[in-house]
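> next one to model:
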Amino acid sequence: MDVPYAELPGPIKDNIAPDQWAEAQRDIIAEGDPVPETTQYINLKNGQILPYQQGQRAAGPLLPTHDLSGGHGTDDTQFNTTPKGARGKP
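Numbering: from 1, shown residues only. Coordinates of the predicted model:
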């Protein structure tokens, strides 16, 4: 799924820098696909953050909130480490 950075909602652009977006896109869950783990996800169309249970169908293209770096995209640790117990896509 190729979503242009310029079209992302503000809460996403506030937490992922343009150069990080290419890496973050690998974790996008397409609308209708089951989410791989129980966590909070942000909708790429409207910026709404909601909790999802593992296996629940995505209501829109989603990105797990643990991919949001904070610090206006200055920290990309989330793309270089794996949280304990993570079961997402490799």
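> buried set for stretch 52-66?
For stretch 52-66, a neighbour-count test (16 or more other Cβ atoms under 10 Å) marks 52, 58, 60, 61, 62, 63, 64, 65 as buried. (Glycine included, C-beta is placed from N, CA and C.)
> tabulate these (TSV), appending pLDDT and secondary structure.
Shown next, in TSV, are those (pLDDT from 0 to 100; DSSP: H, G, I helix; E, B strand; the rest coil):
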residue	pLDDT	secondary structure
52	97	strand
58	97	coil
60	92	coil
61	95	coil
62	96	strand
63	94	strand
64	93	strand
65	91	helix
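> how about JSON lines for those, with distance to residue 22 added?
Shown next, in JSON lines, are those (distance: Cβ to Cβ, whole Å):
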{"residue": "52", "distance to residue 22": "24"}
{"residue": "58", "distance to residue 22": "21"}
{"residue": "60", "distance to residue 22": "21"}
{"residue": "61", "distance to residue 22": "16"}
{"residue": "62", "distance to residue 22": "18"}
{"residue": "63", "distance to residue 22": "13"}
{"residue": "64", "distance to residue 22": "16"}
{"residue": "65", "distance to residue 22": "19"}
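> of the residues you listed, which is the nearest to residue 37?
If you rank those by distance to residue 37 using Cβ to Cβ, residue 64 comes first, at 7.6 Å.
> in this structure, which helix or strand is least confident?
helix 18-24 (a mean of 86; mean pLDDT, DSSP states H and E).
> ok, and for whatever helix or strand comes next after that one, which residues are buried?
Sequence order places strand 39-43 as the next helix or strand after helix 18-24, per DSSP states H and E. Buried positions in strand 39-43, judged by neighbour count with 16+ other Cβ under 10 Å: 39, 41, 42, 43.
> which one of these is nearest residue 25?
Distances from the buried residues of strand 39-43 to residue 25 were compared by Cβ to Cβ; the smallest belongs to residue 42, at 13.3 Å.
> dead centre of this protein: give me the residue that sits there.
residue 63 (2.2 Å; Cα atoms, centre = their mean).
> list the beta-bridge partners for that one.
Taking DSSP bridges as the rule, residue 63 bridges to residue 42.
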